[in-house]
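Visitor: Could you look at this predicted model? Sequence included:
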Amino acid sequence: MRTTFHGACMRLILLVLISAITLFSTSAQSLYFPPITGSTWETSSPASLGWCEDRIDSLLNYVGDTHAKAFIILKDGKIVVEKYYDSFTQDSLWYWASAGKTVTSVLVGHAQENGLVDISQSSATYLGRGWSSCTPEQEDAITARHHLTMTTGLDGRGTDDNCKDPSCLNYRVPPGTLWDYYNAGYLLLQDVVAKASGKSYQQYYSQNLSNRLGMGGLWLNGVLYSKPRAMARFGLMLLAGGVWNGDTILHDREYFNAMMNTSQDLNVSYGYLFWLNGKGSFMQPRVPLVYSGDLIPSAPDDLYSGLGKNDQKVYVVPSQGLVVIRMGDKANEAVLAVSGYDTELWQHIAALPCPTSVEVDENGALVYPSFWPNPAREEIRFVGDNYSISSLDGRAILSGSVSPVDVSRLVSGTYVVEIKSKNTQRHSLLSIR
């Protein structure tokens, strides 16, 4: 017969669990990097992460049903999930679309730290006078940083959104006053890097990023084509803070952090060509509206990503040591970057962990869980008659008898959950992201 906690026992168990969480967080900082050449890449079993096999099957079925060609999940650098669909293989090539903008962001930062580019300088410094249809004064006001943040104030859309001819680049509003996802304005950054370095953009990419990570890949008309694992390598480098197995790709910490943080106050979910989660509002490409809510409500707040047309995705989640890659055809509707698919996909990923909680038997031993998921963000589900949630100092916060439980208003941190069922009391720590 199971018994309730005595105060001392409760504190001891909590101390053990907190220590375990701290140890996990520390150990998660040790990343694995695959060799630069060859196909060797170490794996981790989903079971070792507490992921349920049936939920993985559900995820992979969903990914396949939504027209993916390649899907990869890395945990701390090791492959946990890797799936290819139809005739697509590990060695097949596919396009990144606008997910490749993140690569350009890294290369601009690399060029700046090597003294080739200063993003605070006018674009004309590198592109030359007359690169647009603007007046000289209007051109002088547009900096490389405006291109990185989609705030050039240019417009010239017609049948070709990628047109970089001066006749296609017209003055619309002062730079920095309008967020507009204008692809031609972004593509000019590749010209900035090429002209500043005296190399082709392909050469600069190969020498300073691709060769150092073992990515391969070819840029055609401003779009990167590569194998799926190349995208995974790039995501892993980002997860490591701009480092690849001791080789620092991007030393400039200020620039690296700026890539993954709000770059302007017009669209707070956009950094330097990166999409950012957890910011409370966002804008969509070509839609002059600000939407309330997070970019991907079902994903961790610290997720940042490269998002491309037809649902090309590279997601990075530092708090969980995750990199997630998706390549393929459009999942449902054709969009340039953000889509409802992101939210649906992350609902499946968030559901991967098996129920993870603890209860204590009459000898004080921890036995199998009774609520899930953990960590949580939006809700938890439990098995039992009722629940209570309290702070670590014992302050009551939530209680009730209905599952699921809405925990979306809880502040990020660690809480104590008690599940009661007849004569059984089950306690554990809950982490809210």
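Guide: Noted; the coordinates are in hand.

Visitor: what does the helix or strand containing Tyr315 contact?
Guide: According to DSSP states H and E, Tyr315 maps onto strand 312-317. Contacts to strand 312-317, defined as CB atoms under 8 Å, 6 or more residues apart in numbering, come from residues 94-99, 102, 231, 234-235, 238-239, 299-300, 302-307, 322-328, 342, 345. For the C-beta atoms, the positions are set from N, CA and C on the backbone; glycine is no exception.

Visitor: How much space separates Gln264 from Gly130?
Guide: Counting by CB to CB, to the nearest Å, the separation of Gln264 from Gly130 is 27 Å.

Visitor: Pick out whichever of the two has more residues nearby.
Guide: Gln264 (18 against 11; other CB atoms under 10 Å).

Visitor: residues contacting that one?
Guide: Thr149, Thr151, Gly176, Trp179, Tyr270.

Visitor: Surely the first one is in contact with Tyr270?
Guide: Translated: Thr149. Yes - under the criterion of CB atoms under 8 Å, Thr149 makes contact with Tyr270 at 6.8 Å.

Visitor: Spell out which residues are contacts of both of the two.
Guide: Joint contacts of Thr149 and Tyr270 (CB under 8 Å, 6+ apart) are Trp179, Ser263, Gln264.

Visitor: Give me the neighbour count for the first one.
Guide: Right, the one you point to is Trp179. Trp179, neighbours per other CB under 10 Å, totals 20.

Visitor: May I have the residues that are in contact with it?
Guide: Taking CB under 8 Å, 6+ apart as the test, what Trp179 contacts is Thr149, Met150, Thr151, Gln264, Leu266, Asn267, Tyr270, Met283.

Visitor: let's see 6 Å
Guide: Met150, Thr151, Leu266, Asn267, Met283 (CB atoms under 6 Å, 6 or more residues apart in numbering).

Visitor: Without its sequence neighbours, what residue ends up closest to the second one?
Guide: Distance criterion CB to CB, 6 or more residues apart in numbering; nearest residue to Thr151, sequence neighbours excluded, is Gly176 at 5.1 Å.

Visitor: I figured that neighbour was touching Thr149, is that so?
Guide: No - with contact defined as CB atoms under 6 Å, Gly176 does not count as touching Thr149 (8.2 Å).

Visitor: For those two, indicate the residue with more neighbours.
Guide: Between Gly176 and Thr149, counted using other CB under 10 Å, Thr149 has the larger neighbour count: 24 against 18.

Visitor: From Lys101, how far off is that one?
Guide: 12 Å.

Visitor: circling back: sort out for me which of the contacts of Gln264 are in helices.
Guide: Mapping the contacts of Gln264 onto helices (DSSP state H) picks out Thr149.
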